[in-house]
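>>> only geometry, no sequence info:
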């Protein structure tokens with residue numbers, strides 16, 4: 001975090017817990033922190049999955065018409081009906097993980113650690129913990145607990161607010 005009280009600030013609400021939706025908030029948070037912004041991330045509902053000690057993130061092709069994977073020299077998309085076939089999401093997840101690895105993209109675990117090292121403030125939603133019967137022991141070390149008022153307080157002082 002920047003020591004300057006006039007530093008720009010950014011908040012990110014993380015609501016999604018799939019592999020593909022985990023990348024944007026962590027990439028933006030670590031980039032903003034590297035640029036000197038004070039960054040606050042608020043993890044609620046399925047976004048709370050991104051703070052679990054053991055990540056087992058998957059891809060869901062259902063309802064994602066923009067999901068096109070490079071295959072056979074072109075970009076192929078899957079119709080929604082295909083996602084009803086057993087094993088399709090597992091195959092899509094494996095394909096995405098292989099693509100990430102082959103392109104040298106950092107893993108979510110690596111990006112999350114970079115965020116911790118950059119002193120990005122992470123807040124786990126207490127209501128979500130209670131709702132899904134998690135405890136702070138299920139999460140990585142470091143996140144604070146808070147609720148909607150915690151986020152609103154951070155966002156009200158922030159220059160940039162993102163919802164993901």
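Arrived safely, thanks for sending. All values derive from a computational prediction rather than experimental measurement.
>>> any idea which helix or strand in the protein has the lowest mean pLDDT?
strand 68-71 (a mean of 67; mean pLDDT, DSSP states H and E).
>>> confirm that residue 95 sits in a strand.
No - using DSSP: H, G, I helix; E, B strand; the rest coil, the assignment for residue 95 is helix, not a strand.
>>> centre-most residue in this structure?
Residue closest to the mean C-alpha point of the chain, counted by Cα atoms, centre = their mean, is residue 22 at 3.0 Å.
>>> quick one: the strands in this structure?
Ranges of strands in the chain, per DSSP state E, are 9-14, 38-43, 68-71, 74-77, 121-125, 144-146, 160-163.
>>> got those strands as JSON lines, with distance to residue 95 columns?
Just so you know, the C-beta spots here come from the backbone N, C-alpha and C atoms, and that holds for glycine as well. Converted to JSON lines, the strands of the chain look like this (distance: least, Cβ to Cβ, whole Å):
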{"stretch": "strand 9-14", "distance to residue 95": "24"}
{"stretch": "strand 38-43", "distance to residue 95": "26"}
{"stretch": "strand 68-71", "distance to residue 95": "6"}
{"stretch": "strand 74-77", "distance to residue 95": "11"}
{"stretch": "strand 121-125", "distance to residue 95": "29"}
{"stretch": "strand 144-146", "distance to residue 95": "36"}
{"stretch": "strand 160-163", "distance to residue 95": "27"}
